[in-house]
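K.L.:
whatever this is, show me its structure:
(one chain, ligands or ions: 1)
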Amino acid sequence: MEREGNDSVLAEKCLPPGAAPHFDGEALILSSTLFLDHVGEVVLTFHSDCLSWKSLNSLDNDVSSCLGIKDFSKVATEIKLSDIYAIEFNNHGLIHISNLPHATERLLLGHDLKMYRFTVHGFVRSNSQPSQYIPVEYTFGHKNFQLCQTWVNKLDASLKLEVGRPRNLLVFVHPRSGKGNGLKTWEAVAPIFSRAKVETKVIVTERAGQAFDVMSSIANTELNSYDGVVAVGGDGFFNEILNGFLSPRFKAPYPPTPSDIVHLVKDDGDSLVLDENEIVEETSSQNEDLSPLISSPKQSGSRISNSNSEDKAAEFPVPNERFRFGIIPAGSTDAIVICTTGARDPFTSALHIVLGKRVYLDIAQVVRWKTTPRSEVEPNVRYAASFSGYGFYGDVITESEKYRWMGPKRYDYAGTMVFLRHRSYEAEIAYLDVESDEINLTSKRNCWGSLLRASRAPHMSERCICRINCKVCSEKPNHASVGVCSLTPHLNSEERRWARSKGRFLSVGAAVISCRNEKAPDGLVADAHLSDGFLHLILIRDCPHASYLWHLTQLTRKGGSPLNFKFVEHHKTPTFTFTSSGNESVWNVDGEIFQAHQLSAQVFRGLVCLFASGPEI
Ligand SMILES: Nc1ncnc2c1ncn2[C@@H]1O[C@H](COP(=O)(O)OP(=O)(O)OP(=O)(O)O)[C@@H](O)[C@H]1O
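P.N.:
The predicted structure follows:
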């Protein structure tokens, strides 16, 4: 094997083998003259946080004026170390040299040279959509094996110092997700993981519920060997994995039951009952004992704890900052991916994962107390990462299940059918109203005459949109110091009161995040945050069919105002309770059916971490 460069032109331009690196203070680690595939000779320089190269063809003047060909000498290209996910040594092979008119004689007219090569794998942001990451690779070559090896070793060693990059992941693939492309999607992105030397244990599911079973029964010693778990599928599949993870391991008191609230209101002589909607307000001092995290004797008796789950919690603490979740979109909606990466793109998601990005995500704990009016009270817990909804949303998910064979189109079909039926449901909702310094968007039915409350509508520019390095979300919960209480900061707010809405509703929804998707570009709640510790409770009161259509139409518009109608109530709250007055009550929890006559929900701030960085909007 040829290991020494025997070409004098090349040899004099490169640094001596082995001793090739030259150091210049702390910042400059290495610099050499190499060939860049499809470009030509470049000086490659590695500073501690950046790799840059400059073409040597600048020796020729006025290149740009000659034949109108671009002057490579003026192009300095670089990639940040943080944007590099892998370095590969490629052995001996061809480097294609650019067809430059003013390159040195031996490089003329598209010469290909054989030499040792190494490839730097990274990404660039798409010009049209900055949230989308496009994988790129730069292959450098040199006749000298040792020099290439030195570069590979140096870059590899620096990449190993990048914090938070995963080494070992558990991957679940739902082959029938979305249009049935789950497996193909995984096969397309798998090379990114192998190049980045991330070990993956891949489980391709054969049935619904399998991922839940694996996640809930996996030994904590094995779970600890992974840096995270990746779902290749849709929101429902991610929800299954999340529930399998949290159900046996996360210990927290339940939210108050609907009867806790009724009881408290009856005992409270100062309760204020307002008009037909029975909005009941209380002061914080009167309901201190209602904090879901201060266990009442009744509540502590209803914890989901058995000795097995206690063991699991002890060995694998939740929240767990090290262990992260990744989602590679292959589903029908993929709202969680769109909200957390800003793109619905498997490559972007895979790059977020191997680069070890991190974002905190609020999780709603939804507790069903009673399945039907005649059921016994028996708490059953689900966790939701994006949205839980009743009425229209429950009906759409029930209807769409009948048409699963249609793939993603089933939601459009089911949505149309349910819309045409225009059913409303009698229900009662109580929610903790917390003073917030943000604009309180709560509708108090104070709009007269006009259907669209334009005067109160915050314009898009006024809305504090959640994006990468979001200020609202960056006050991350301090899990270590105050335990689970840090996850529910707003429950302990000074200014809190319980309020109640009662009546006929077309839908009741609780959004954890904005729920942006391709059909609703701003989501249901444009200014929802990934980890602010709030749920957005959206109550759509019974209204004329045309008005409801108007609301739905606003949802599909960028910059629309779907919440800006007099029949829509929007409450930011950390917790709420719900009781249906009818016999049928189907909820939709992250796209999965959940029958519940009585339920409560509370949100845990930043309970899990995702391999994502938030959208670059
Ligand atoms: N191999 C399988 N066969 C059938 N169902 C499965 C399988 N693996 C997982 N499931 C179930 O399919 C359900 C839907 O999956 P997923 O969310 O990936 O697809 P989707 O409904 O098309 O997408 P979205 O949730 O984004 O609308 C999940 O709840 C999951 O439990």
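K.L.:
count of residues packed around the one residue in the chain that gets nearest to the ligand?
P.N.:
Per C-beta to the nearest ligand atom, Gly234 is where the chain lies closest to the ligand, at 2.2 Å. Bear in mind the C-beta positions are built from the backbone N, C-alpha and C, glycine included. Number of residues near Gly234 (other C-beta atoms under 10 Å) recorded here: 25.
K.L.:
cool, and Gly582?
P.N.:
Neighbour tally, Gly582, other C-beta under 10 Å: 10.
K.L.:
quick one, what contacts it?
P.N.:
Residues in contact with Gly582 (C-beta atoms under 8 Å, 6 or more residues apart in numbering) are 425-427.
K.L.:
and it, helix, strand or coil?
P.N.:
Going by DSSP: H, G, I helix; E, B strand; the rest coil, the secondary structure assigned to Gly582 is coil.
K.L.:
up against the ligand, what does the stretch 451-600 of the chain have?
P.N.:
591-592 (C-beta under 6 Å from any ligand atom).
K.L.:
tell me where the stretch 451-600 of the chain has helices.
P.N.:
Per DSSP state H, counting those that start in this stretch, the stretch 451-600 of the chain carries helices over the ranges 471-474, 479-482, 545-555.
K.L.:
from Phe576, how far off is the residue of the chain closest to the ligand?
P.N.:
Separation of Gly234 from Phe576 (C-beta to C-beta, to the nearest Å) stands at 26 Å.
K.L.:
what do you get for Ile261?
P.N.:
To Phe576, Ile261 is 9 Å away according to C-beta to C-beta.
K.L.:
check Asp334 too.
P.N.:
Distance from Asp334 to Phe576, by C-beta to C-beta: 26 Å.
K.L.:
what number of residues lie near His374?
P.N.:
His isn't right for residue 374; it's Arg. So Arg374, with other C-beta under 10 Å, has 8 neighbours.
K.L.:
hang on, it in a strand?
P.N.:
No - counting by three-state DSSP, Arg374 is not part of a strand but coil.
K.L.:
before we move on, the earlier item: Three-state assignment for the residue lying closest to the residue of the chain closest to the ligand once chain neighbours are set aside, please.
P.N.:
Nearest residue to Gly234, sequence neighbours excluded (C-beta to C-beta, 6 or more residues apart in numbering): Gly331, at 1.7 Å. Following three-state DSSP, we place Gly331 in the coil state.
K.L.:
report pLDDT for Gly331.
P.N.:
If you check Gly331, the pLDDT there is 92.
K.L.:
one more: Asp112?
P.N.:
72.
K.L.:
wait, doesn't it sit right on Ile95?
P.N.:
Yes - counting by C-beta atoms under 8 Å, Asp112 sits close enough to Ile95 to count as a contact (6.8 Å).
K.L.:
could you give the mean pLDDT of stretch 178-186?
P.N.:
94.
K.L.:
any idea how far apart the tips of it sit?
P.N.:
Here the two ends of stretch 178-186 are set 13 Å apart, with distance taken as C-alpha to C-alpha, to the nearest Å.
K.L.:
again, but for stretch 161-175
P.N.:
35 Å.
K.L.:
begin at 47 from now on, thanks
P.N.:
With 47 as the first residue, the last one maps to stretch 207-221.
K.L.:
buried residues in that stretch?
P.N.:
For stretch 207-221, the neighbour count (16 or more other C-beta atoms under 10 Å) marks 211-212, 215-221 as buried.
K.L.:
filter these to keep only those in contact with the ligand.
P.N.:
Answer for the buried residues of stretch 207-221 near the ligand (C-beta under 6 Å from any ligand atom): 220-221.
K.L.:
in TSV: the buried residues of stretch 207-221, plus pLDDT, secondary structure and distance to Ile264.
P.N.:
What follows is these, written out as TSV (pLDDT from 0 to 100; DSSP: H, G, I helix; E, B strand; the rest coil; distance: C-beta to C-beta, whole Å):
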residue	pLDDT	secondary structure	distance to Ile264
Arg211	97	coil	23
Pro212	97	coil	17
Leu215	98	strand	13
Leu216	98	strand	8
Val217	98	strand	13
Phe218	98	strand	11
Val219	98	strand	17
His220	98	coil	18
Pro221	97	coil	21
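K.L.:
so which of the buried residues of stretch 207-221 comes closest to Thr418?
P.N.:
Among the buried residues of stretch 207-221, His220 lies closest to Thr418 (C-beta to C-beta), at 30.8 Å.
K.L.:
pull the number of nearby residues for Phe613.
P.N.:
Other residues close to Phe613 by other C-beta under 10 Å number 18.
K.L.:
now do the phi/psi pair for it.
P.N.:
Note on Phe613: backbone dihedrals following degrees, to the nearest 10 are phi -90, psi 0.
K.L.:
what's the neighbour count on the nearest residue in space to it that is not next to it in sequence?
P.N.:
Distances taken as C-beta to C-beta, 6+ apart put Cys589 closest to Phe613, at 3.9 Å, once the chain neighbours are dropped. For Cys589, the count of nearby residues is 21 (other C-beta under 10 Å).
K.L.:
again with the one 3 residues further on
P.N.:
The number of residues packed near Ala592 is 9, by other C-beta under 10 Å.
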